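1. Sharing a model prediction with you, sequence too.
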Amino acid sequence: MSYTVTATRMRPAVFDQLAGQDFVATSLKKSVATGKIAHAYLFSGPRGVGKTSAARILAKAINCQNPSPDGNPCCQCSSCREIAQGNSMDVIEIDGASNTSVNDVRQIKDEVLFAPANSKYKVYIIDEVHMLSNSAFNALLKTIEEPPPYIVFIFATTEVYKVPATIRSRCQHFNFRLIHTDVIKERLRKICDDSNIKADDDVLFWIAKEATGSLRDSYTLFDKIAAFSGNEISLALIKEKMGLVGFDKINQLAECFADSSSTRALEILDDILASGVAVEQFVTELTEYLRNILLIKSKVNKESVLGYSASAFSAKVLDAFSTYQIEQALALVLQLYRDLRYSLSQRFELELLVTRLSSMKNFVSSTELVQRLEALKKGFVPAKGRADLSQADTGQADVAPVQPEPVQTQLDMAVIKKNIIADLKKANEPFLSSALERTGEWSLQDGKVTIPCSDSFQAVKVEDASKKIESAIVKMTGRSFAVEVLKPNKKAAADQGAGESQVSASVELVKKVFKGEIV
């Protein structure tokens, strides 16, 4: 007996065998059982979820010579057998991707004038109908709206938004969903039992997860794995033959990130790539790992969602990083995946990413930075700075009141300066940000922020923006401080100008901003 691929061998024959499409199956069965057959159906949804199979089952059901009372076809009569084998003259399957022209549709319009040869209905199944041209859709429109009573159209598409609204409005539309991982796993278990293949649950779960909701994709992947595994499938053999990183290796790498050990992380990366794992595959698996860590930190622990038990993920990694840090790491990995196709050296960029992820603990959000400044502003002091406890006669300990330090010593003016300059750059104010970058060390005394300037042009620029700087400080610290610009004295300016070029400070600033030169 010749070999038949699993997807063909496991194709559903009746509505009840449609996996994960209960609403569609129930609706179509009732339509057939009650004789309420529409003249046009539109089946949409992802690939491999049963659209074409449902179309063939519906064609069998409405033409079945001995239909079941519940609406399922009998699969035994001559009509059912002919349709199942693709030999029926009254069920015509058309590939919309290769029959896109208006002439192809005109041929259909001519054919529908003839009654079915041996069946009750003549059924046209047009797969990937969205590939038809606009002219073809327009030519088909009138036929769909008022077809002969013996004609049924069934359209299938993965991109329903490309089907004109005039066509969709004339069809009964059924949306097919992605199939749940557990349902796919059960189907794979049945195949293993029927074929005497030994496979652990984690193997079948991995295959089901990789199929991403497509039952046909899971069957194709299963056939590929079974070809090199024989009668026993193991996860270790899959990793070896298919060039996968593996969960344990990714876990070890993430623990290096938690330890801020870039050296060890690069060593593990080298071992992974040396085993034959492609850079794209590594990035894909790292992305999935970080996504799962993010889900666990968001209290999502379902094994069907994570792909593994939540307890399998390193506790060190979960404790080491905040949600924000994981989000930033995930953004870096996704950006690398987008950049790989244009990379001069994929390995170098991957190594650079691993080095950056080893510093994940340093990722700080602007909200957290403001919170730290607020904590400093409230006068928090370390425990070792508290007054000693003295034992009273009552046995109670008295604590000496702690006086908060002056505000000017609590605020890190260097951090405030850096953040204000960064905000100005984002706001596209290059002149002001450049002027502030060249100012001296900011200080806070007597409720004033003193900004020393190196030249008169810079001082004028900062003075003009003093209100803007004061507002930025209020936004960051929650307190109001006046800005005082410290201008250079004439002697210092003269001494500075004697040893420099005759070019004025304003020209130097323009040169820096526009990256130009004096001609």
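-> Yep, that arrived. The structure displayed is predicted, hence computed values, not measured ones. Numbering: from 1, shown residues only.

2. tally of neighbours for the nearest residue to Asp201 once chain neighbours are set aside?
-> The spatial neighbour of Asp201 that comes closest, neighbours along the chain excluded (CB to CB, 6 or more residues apart in numbering), is Lys185 at 7.6 Å. All C-beta atoms are positioned from the backbone trio N, CA, C, and that covers glycine. For Lys185, the neighbour count with other CB atoms under 10 Å is 21.

3. Can you tell me the element Lys185 falls in?
-> Element membership of Lys185, judged by DSSP states H and E, is helix 181-195.

4. hmm, who's touching that helix?
-> 6, 10, 19-20, 197-199, 201, 204-205, 207-209, 211, 213, 215, 218-219, 222, 226, 233, 304 (CB atoms under 8 Å, 6 or more residues apart in numbering).

5. just the buried members of those residues?
-> 6, 10, 19-20, 197, 199, 204-205, 207-209, 211, 213, 215, 218-219, 222, 226, 233 (16 or more other CB atoms under 10 Å).

6. List the contacts of the closest residue to Ser133 other than its chain neighbours.
-> Beyond its immediate neighbours in the sequence, the residue positioned closest to Ser133 (CB to CB, 6+ apart) is Thr100, lying 5.2 Å away. With contact taken as CB under 8 Å, 6+ apart, Thr100 is in contact with Met131, Leu132, Ser133, Ala136.

7. what about Asn301, distance to Ser68?
-> 43 Å (CB to CB, to the nearest Å).

8. And those two? Which one has more around it.
-> Residue environment comparison for Asn301 versus Ser68 gives the larger neighbour count to Ser68, 17 against 13, counting by other CB under 10 Å.

9. does that one count as helix, strand or coil?
-> Judged by DSSP: H, G, I helix; E, B strand; the rest coil, the three-state class of Ser68 is coil.

10. Would you map the strands across this protein?
-> Defined through DSSP state E, the strands belonging to the chain, from first to last, are 40-44, 91-95, 122-127, 151-157, 172-175, 198-199, 232-233, 390-391, 397-398, 443-445, 448-452, 482-486.

11. Just list what the last one packs against, helices and strands only.
-> Taking 3 or more CB pairs under 8 Å, 6 or more residues apart in numbering; DSSP states H and E as the contact definition, the neighbouring helices and strands of strand 482-486 are strand 448-452, helix 456-464, helix 466-477.

12. what comes up buried for the shortest one?
-> I take that to be strand 448-452. Applying a neighbour-count criterion of 16+ other CB under 10 Å, one finds Val449, Thr450, Ile451, Pro452 buried in strand 448-452.

13. right, and the strands of the chain - which one's nearest Leu113?
-> For the strands of the chain, distance to Leu113 was read as CB to CB. The smallest value, 9.6 Å, belongs to strand 151-157.

14. Quick check: neighbours of the closest one in the sheet, parallel or antiparallel?
-> Strand 151-157 has the following sheet partners, assigned by DSSP bridges: strand 40-44 (parallel), strand 122-127 (parallel).

15. so which of those strands comes closest to Asn175?
-> Between Asn175 and these, the tightest spacing by CB to CB is seen for strand 40-44, at 5.6 Å.

16. any weak-confidence spans in the chain?
-> Applying pLDDT under 70 to the chain flags residues 1-2, 379-411, 489-515, 517-519.

17. Please parse it into its domains.
-> Here the domain assignment for the chain is 6-175, 181-242, 247-362, 409-489, based on automatic domain parsing.

18. Can you get me the start-to-end distance on the first one?
-> Start to finish, the residues bounding domain 6-175 are 25 Å apart (CA to CA, to the nearest Å).

19. ok so, going back, now distance to Ser433 too, for the strands of the chain, in TSV please.
-> Written out in TSV, the entries for the strands of the chain read as follows (distance: least, CB to CB, whole Å):
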stretch	distance to Ser433
strand 40-44	51
strand 91-95	59
strand 122-127	58
strand 151-157	52
strand 172-175	52
strand 198-199	61
strand 232-233	60
strand 390-391	53
strand 397-398	52
strand 443-445	20
strand 448-452	14
strand 482-486	16
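
20. which other residues reach stretch 161-176?
-> Contact with stretch 161-176 is made by 21, 24, 27-28, 38, 40-46, 49-51, 54, 129-130, 134, 137, 140-141, 144-145, 153, 155, 157, 160, as judged by CB under 8 Å, 6+ apart.

21. Just the buried residues of those.
-> By the neighbour-count criterion of 16+ other CB under 10 Å, those include these buried positions: 21, 24, 28, 40-45, 49-51, 54, 129-130, 137, 140, 144, 153, 155, 157, 160.

22. Let me know whether Lys30 touches Asn72 as I believe.
-> No. Applying CB atoms under 8 Å as the test, Lys30 and Asn72 come out as separate, 11.4 Å apart.

23. which of the two has more neighbours?
-> With other CB under 10 Å as the criterion, Lys30 and Asn72 differ in neighbour count, and Asn72 comes out ahead with 22 against 12.

24. list the contacts for that one?
-> When contacts are counted by CB under 8 Å, 6+ apart, Asn72 is found next to Val14, Phe15, Asp16, Lys29, Ala61.

25. Mind picking the two most distant members of these?
-> Pairwise across the contacts of Asn72, and taking CB to CB, the largest span is found between Asp16 and Ala61, at 11.5 Å.

26. Cheers, nothing more for now.
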